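Model the structure of this input:
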Amino acid sequence: MSCGVPGMEDAGCLFLFGYNPNTSHPIVARRVVRAKEKGAKIIVADPRFIETARIADLYLPIRNGCNVAFLNSFAYSIVDQGLVDYDFVRDHTVGFEDWWRTIERYSPERTQEITGIDPGMLNEAARIYATAEPSSILCWGMGLCQQVQNVEAVHTCAAIACITHQIGKPNSGVAPVRGQNNVQGACDMGALPNFFPGYQSVLDPEIKQKFADAWHIPVEKLSDHIGYKVSDLGHLIDDGKVHAFVNMGEDPLQTEPDVIHLKQQFSKLDLFVCLDIFMTQTAAEADVVLPATSWGEHEGVFTACDRTFQYFSAAVPPKGECRHDWEIISDLSTRMGYPMHYENTQQIWDEECRALWPAAYGATYEKMAGVGHAQWPIPTLEHPGSPDLFAGGKFSKPDGRARLIAHDFALPTEMPDEQYPLVLCTVREVGHYSCRSMTGNCQQLTDLADEPGYAHVNPEDAKAYGIEHNDLIWAYSRRGKIITRAFVDDRVNKGTVYMTYQWWIGNCNVLTLHHVDSKSHTPEDKFCAIQIERIDDQVWAERHCQELYMALKRRLAQAALPQDDPCYSPVDDVELLAQARADVASADAGREPQGVTPGA
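Residues are numbered from 1 along each chain as shown. The predicted model follows:
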């Protein structure tokens with residue numbers, strides 16, 4: 001983000017593109033409300049009528065998968081209406097003429113069939129954004145990032161901010177928010193295949209030498225190429241390039257696309273290790289599970305989505321055999337031949353972050369104590385931190401100028417057809433967090449919303465398929481089939497079904513397509529073709545959901561036991577389902593399942 005989250009409420013315009021802060025980032029959503037109260041204009045572009053659309057000055061109901069076409073048209077409108085700050089473009093950017101040669105083909109009239117947006121409405125949005133005082137911020141989330149043209153869309157967002165001079169001044173610019181907690185911090189610390197900590201290239205000889213010296217190893221020991229991306233893992237296993245996988249605090253068999261195929265690929269690994277705090281579906285497949293500490297048992301530093309370092313302390317000591325992540329990593333490294341010894345997280349922070357990343361040098365534990373924070377770049381101990389980037393129009397290229405880059409629009413990979421006529425778009429739900437490994441084990445939250453989860457369907461589509469609210473339905477794609485519950489929702493656009501990957505039984509990632517873009521290798525989670533079908537026997541369907549859920553919980557409970565435990569009994573999924581079916585039948589004897597009208 002080029003701005004800080006607190007500063008969002010002082011902008012003159014907030015343009016939310018493919019981003020629903022109420023369910024993804026409720027704290028940011030509150031800033032949006034405060035900005036509105038202070039007089040800011042709110043623009044929302046989203047296929048769904050999201051919560052923020054209710055307070056928006058302008059809501060643009062774009063079609064699914066049209067992002068680059070829409071943004072190109074938005075940029076065209078800015079130029080066509082004379083809203084470009086040509087002085088800023090001349091002094092602080094490069095490539096406007098080449099950029100315009102692509103953009104000029106995307107007038108609002110020519111793109112209306114793709115975007116579904118009336119040209120007059122699009123022109124009004126462009127005027128509001130480009131002329132807002134004192135600044136505008138263009139915010140986006142996974143609705144932009146999890147598309148096949150995600151990098152292309154980001155390039156266009158950045159160009160839009162540059163040509164209007166809505167960047168390089170306080171509370172302005174671009175605000176890409178992150179998908180999960182501390183994704184920003186993970187990237188900051190080098191959990192990327194092309195960067196050392198601090199976004200320092202693994203291919204730069206001087207950078208490599210600096211890290212080799214700090215880590216006391218010959219420079220040739222450091223990789224001379226960019227590494228693999230996690231979204232390529234399954235294919236790399238199939239190709240025989242990856243034989244061992246250490247999975248930390250993630251549940252890819254819940255969160256990654258086409259999970260049935262991914263599970264088959266994991267079975268080919270020679271060694272599969274998981275670090276986690278719960279027995280997840282992924283951990284159940286592992287050869288070794290190492291119990292880690294939870295958020296309340298350890299301490300360290302998070303980075304918020306706006307580059308703010310925040311220290312957090314432990315509330316309680318670790319229980320049982322649980323160990324901190326950094327201790328486990330150090331032990332593994334030592335046993336694999338590179339001794340790694342630290343006394344605490346502050347030593348790691350000072351030696352591996354502050355000492356090697358100049359932009360983080362001023363972020364000391366002392367500065368972050370209590371409710372303190374440090375926002376990078378913060379290059380000296382006296383520096384106050386940097387809420388805003390690119391001040392005065394100085395960008396992070398060697399010549400200080402931004403590059404304007406444009407791209408032509410391309411269709412999503414898998415378009416609807418006669419067999420699979422609906423679009424599936426994955427979303428978040430505020431009631432459960434991320435992959436639900438924590439909140440799914442909270443009884444109070446389970447009482448409010450439980451398996452198999454919901455598929456949000458437009459009323460017209462529901463009527464066409466004979467589906468009523470709360471009906472159990474089948475949803476299927478070319479990858480698989482799941483049972484889920486229909487949520488008839490007039491905020492959802494016709495032809496599209498919205499589901500979250502948070503549910504264990506109704507996991508929509510059984511359906512999603514494993515296709516990644518060529519640059520960032522991000523999965524195309526926001527667009528694939530599916531079909532839905534009402535289950536005629538709703539009584540059977542309710543019982544079937546209970547059976548699947550109980551079988552899953554049995555399997556995870558068994559997996560959590562050591563093999564020498566007297567209660568351990570290895571059984572396959574077929575046996576577990578049979579046991580669960582018997583349990584449900586016994587419990588239901590003489591009564592109808594809850595939520596089903598007798599005789600229905």
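
quick one: which helix or strand includes F278?
If you go by DSSP states H and E, F278 is not part of any helix or strand.

That one contacts T439, correct?
No: at 10.6 Å, F278 does not count as touching T439 under the criterion of Cβ atoms under 8 Å. No exception for glycine: its C-beta is placed from N, CA and C like everyone else's.

Who are the contact partners of the nearest residue to P377 once chain neighbours are set aside?
The shortest distance from P377 to any residue other than its chain neighbours is 3.7 Å, reached at A359 (Cβ to Cβ, 6 or more residues apart in numbering). Residues near A359 by Cβ atoms under 8 Å, 6 or more residues apart in numbering: G198, W376, P377, I378, P379.

Just the buried residues of those residues.
Burial by neighbour count, 16 or more other Cβ atoms under 10 Å: within those this picks out G198, W376, P377, I378.

For the residues you listed, could you give me TSV that also reports distance to R478 and pLDDT?
As requested, the buried ones among the contacts of A359 are arranged in TSV below (distance: Cβ to Cβ, whole Å; pLDDT from 0 to 100):
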residue	distance to R478	pLDDT
G198	42	95
W376	44	95
P377	46	96
I378	49	97
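
Including secondary structure and distance to Y342, could the residues you listed go into JSON lines?
Shown next, in JSON lines, are the buried ones among the contacts of A359 (DSSP: H, G, I helix; E, B strand; the rest coil; distance: Cβ to Cβ, whole Å):
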{"residue": "G198", "secondary structure": "coil", "distance to Y342": "19"}
{"residue": "W376", "secondary structure": "coil", "distance to Y342": "22"}
{"residue": "P377", "secondary structure": "coil", "distance to Y342": "25"}
{"residue": "I378", "secondary structure": "coil", "distance to Y342": "23"}
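
would you list the residues you listed in a markdown table and tack on distance to R90?
Listed next are the buried ones among the contacts of A359 as a markdown table, based on distance: Cβ to Cβ, whole Å:
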| residue | distance to R90 |
| --- | --- |
| G198 | 32 |
| W376 | 30 |
| P377 | 27 |
| I378 | 32 |
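
Y76: which of those is nearest?
Closest approach between these and Y76, by Cβ to Cβ: P377, at 34.3 Å.

so that closest one sits right up against S386, yeah?
Yes: with contact defined as Cβ under 8 Å, P377 counts as touching S386 (5.1 Å).

For whichever strand or helix holds F302, give me every contacting residue.
Using DSSP H and E, F302 sits in strand 300-303. Strand 300-303 is contacted by residues 181-182, 184-185, 188, 309-312, 326, 345, 349, 368, 376 when judged by Cβ under 8 Å, 6+ apart.

Okay, P252 and I260: tell me how far apart.
12 Å (Cβ to Cβ, to the nearest Å).

out of these two, which sits in the more crowded spot?
P252 (24 against 14; other Cβ atoms under 10 Å).

what sits against the nearest residue to that one once chain neighbours are set aside?
Nearest residue to P252, sequence neighbours excluded (Cβ to Cβ, 6+ apart): T282, at 5.6 Å. Taking Cβ under 8 Å, 6+ apart, we find T282 in contact with N247, E250, D251, P252, L253, Q254, F266, C274, D276.

Have a look at the chain and report its longest helix.
The longest helix of the chain (DSSP state H) is helix 538-560.

the strands in the stretch 501-600 of the chain, which residues?
528-534 (DSSP state E, counting those that start in this stretch).

Stretch 4-24 - what's its average pLDDT?
Mean pLDDT, stretch 4-24: 94.

Only the buried residues of it, if you could.
Those would be 4-5, 7-24, for stretch 4-24 by 16+ other Cβ under 10 Å.

In strands only, show me those residues.
Using DSSP state E, the subset of the buried residues of stretch 4-24 located in strands is C13, L14, F15, L16, F17.

give the contact list for the second one.
It stands for L14. Neighbour list for L14: M8, V32, A35, A40, K41, I42, I43, S136, I137, C139 [criterion: Cβ under 8 Å, 6+ apart].

so can I have TSV of those showing secondary structure and distance to S330?
Converted to TSV, the contacts of L14 look like this (three-state DSSP; distance: Cβ to Cβ, whole Å):
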residue	secondary structure	distance to S330
M8	helix	39
V32	helix	41
A35	helix	44
A40	coil	47
K41	strand	51
I42	strand	47
I43	strand	48
S136	strand	46
I137	strand	40
C139	strand	38
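
Columns distance to H407 on top of these, output as TSV?
TSV is the format used below for these (distance: Cβ to Cβ, whole Å):
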residue	distance to H407
M8	27
V32	29
A35	30
A40	30
K41	28
I42	27
I43	22
S136	22
I137	23
C139	21
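
Name the nearest of these relative to N123.
Of all the contacts of L14, the one with the least separation from N123 (Cβ to Cβ) is I43, at 12.5 Å.

from the middle of its chain, how far away would stretch 397-412 be?
23 Å (Cα atoms, centre = their mean, to the nearest Å).

how far does that stretch stretch from start to finish?
32 Å (Cα to Cα, to the nearest Å).

Could you tell me how many residues sit around E343?
For E343, using other Cβ under 10 Å, the count is 7.

And it, how far from A315?
According to Cβ to Cβ, E343 and A315 sit 21 Å apart.

Where does Y342 sit, in terms of helix or strand?
With DSSP H and E as criterion, Y342 is part of no helix or strand.

Which strand or helix spans the residue nearest to it when sequence neighbours are not counted?
The shortest distance from Y342 to any non-neighbouring residue, by Cβ to Cβ, 6+ apart, is to I348 (5.1 Å). Take DSSP H and E as the rule and I348 turns out to sit in helix 345-348.

The helix or strand that that helix is followed by pairs with which strands?
Elements were assigned by DSSP H and E; along the chain past helix 345-348, the next helix or strand is strand 374-375. Strand 374-375 sits in its sheet next to strand 308-312 (antiparallel), going by DSSP bridges.

Contacts for the partner strand, please.
With contact meaning Cβ under 8 Å, 6+ apart, strand 308-312 is reached by 4-5, 295, 299-304, 360, 363, 365, 368-369, 372-376, 385.

Show me just the buried residues among those.
By neighbour count, with 16+ other Cβ under 10 Å, these hold 4-5, 299-304, 360, 363, 365, 368, 374-376, 385 as buried.

Pull the most distant pair out of these.
The widest separation within the buried ones among the contacts of strand 308-312 (Cβ to Cβ) is 24.1 Å, between G4 and E299.

average pLDDT across the strand holding F302?
pLDDT averaged over strand 300-303 gives 94.

so what strands line up beside that strand?
Applying DSSP bridges, you get strand 308-312 (antiparallel) as the partners of strand 300-303.

Averaged pLDDT, the partner strand. What do you get?
95.

same check, this time on stretch 124-139
For stretch 124-139, the mean pLDDT works out to 97.

how about the residue positioned nearest the centre of the chain, secondary structure?
Nearest to the geometric centre of the chain sits G179, at 2.9 Å (Cα atoms, centre = their mean). When classified by DSSP: H, G, I helix; E, B strand; the rest coil, G179 comes out as coil.

Please, where are all the strands along the stretch 201-350 of the chain?
Using DSSP E, counting those that start in this stretch, the strands of the stretch 201-350 of the chain run over residues 244-248, 271-276, 288-291, 300-303, 308-312.

cool, the stretch 51-200 of the chain as well?
Assignment of strands within the stretch 51-200 of the chain using DSSP E, counting those that start in this stretch yields the ranges 58-60, 93-94, 136-140, 173-176, 195-196, 200-201.

quick one: the second one to chain centroid distance?
The gap between the average C-alpha position of strand 93-94 and the chain average comes to 31 Å, counting by Cα atoms, centre = their mean.

which residues touch it?
With Cβ under 8 Å, 6+ apart, strand 93-94 has contacts from C162, I163, D399, R401, A402, R403, L404.

From those, which land in strands?
Taking DSSP E, the ones among the contacts of strand 93-94 that sit in strands are A402, R403.

and of the contacts of strand 93-94, the nearest to Y228?
Taking Cβ to Cβ as the measure, Y228 lies nearest R403 of those, at 27.2 Å.

surely the closest one meets D98?
No: the pair R403 / D98 is not scored as a contact, 10.0 Å apart, by Cβ under 8 Å.
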